[in-house]
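Trainee: predicted coordinates and the sequence they were generated for:
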Amino acid sequence: MHRTARSRSLLASLALALSFFVLPSCVSRKDYDERLGEIRDQNELIRNLQAALDELEAEKLALDRRLSEAGIDSETAKRLREQLERDLAALRALQEQWEKKALPASSSEEDKGDWSVFRDQYGTGVRIKDDLLFPLGSAQLSDRGKQVLREIVTTLDMGGRPQRVLRVVGHTDNTPIVKPDTKAQYPYGNLQLSAQRAVVVADFLIEECQVPRARLGVEGYGDTRPLKENSSVENKAANRRCEIYIVDPIS
């Protein structure tokens, strides 16, 4: 019975905590920025929620097994089973509520001028237009791009969040590399160019912004994850981008 009481207490605590995150259905820009700083706490909440759900599931299975082995189906056991079912249903409802409302709409972006904050199926991050960072077909950082990266690192508060990790991800449009010099430099095409740009950004964050090397990762996807269909000049420009995903591991 001790485990059931503990699970029920955890359920009540999670319900109260989740209400803080999900009550506002429409959030201001200030609220959005504050929530980005609470990602780690939210991840901790999800972990606790799943732990409570797993514990109740295990209790129900154990109870059913014991009752079956003993051939007992008393009124007390029936009430306990029903209570466990209600607790499980409540936890599942909280889980669904979290997935739908805990953060602002996943497909939207918060425009901050030269960069934007976004959330997609891969996580939460910062998106920078590629032409702001690099000349076309190049992996050499522009002066303006360096200023923007410094601004982003300050905003992300890497010093105040020692567990925070950044994933730098490069993307291109689907235009193949045709210039002989550029093609000789990047023989594997856009995939190699996108990866090299991610490496250059990460290296700048390490050397110029004092982000520890162990807290950075790089990825390049070429043209395989477009934001828009590569059907116009504007869409191609949107697909050429650098993204910095924010990862706050659960301690």
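Mentor: Done, it's in.
Trainee: low-confidence ranges, the stretch 151-251 of the chain, go.
Mentor: Within the stretch 151-251 of the chain, the segments meeting pLDDT under 70 span 250-251.
Trainee: now do the helices in it.
Mentor: 180-185, 190-207, 233-239 (DSSP state H, counting those that start in this stretch).
Trainee: show me what the shortest one is in contact with.
Mentor: The reference is to helix 180-185. 137, 138, 177, 189 (CB atoms under 8 Å, 6 or more residues apart in numbering). No exception for glycine: its C-beta is placed from N, CA and C like everyone else's.
Trainee: quick check, nearest of those residues to residue 59?
Mentor: The closest of these to residue 59 turns out to be residue 189 (CB to CB; 54.9 Å).
Trainee: among the helices of the stretch 151-251 of the chain, which is nearest residue 58?
Mentor: Among the helices of the stretch 151-251 of the chain, the nearest to residue 58 by CB to CB is helix 190-207 (42.5 Å).
Trainee: now that closest one: buried residues?
Mentor: Across helix 190-207, burial judged by 16 or more other CB atoms under 10 Å covers 190-202, 204-205.
Trainee: follow-up on the earlier one: among the helices of the stretch 151-251 of the chain, which is nearest residue 56?
Mentor: Using CB to CB, those put helix 190-207 closest to residue 56, at 42.7 Å.
Trainee: mind checking the end-to-end distance for stretch 128-143?
Mentor: The straight-line separation of the ends of stretch 128-143 (CA to CA, to the nearest Å) is 14 Å.
Trainee: residues in contact with it: which ones?
Mentor: The contact list for stretch 128-143, computed with CB under 8 Å, 6+ apart, reads 114-115, 144-145, 148-149, 152, 171-172, 177, 179, 182, 193, 196-197, 200-201, 204, 237-238, 240-244.
Trainee: quick check on the residues you listed: which are buried?
Mentor: 115, 145, 148-149, 152, 171-172, 177, 193, 196-197, 200-201, 204, 238, 240-244.
Trainee: from what I see, residue 186 and residue 193 are in contact.
Mentor: Yes - contact criterion CB atoms under 8 Å: residue 186 and residue 193 qualify, at 4.7 Å.
Trainee: count of neighbours near residue 54?
Mentor: Residue 54: 12 surrounding residues under other CB atoms under 10 Å.
Trainee: which SS class is it?
Mentor: helix (DSSP: H, G, I helix; E, B strand; the rest coil).
Trainee: domains in the protein, by residue range?
Mentor: Using automatic domain parsing, the domains assigned to the chain come out as 2-101, 109-247.
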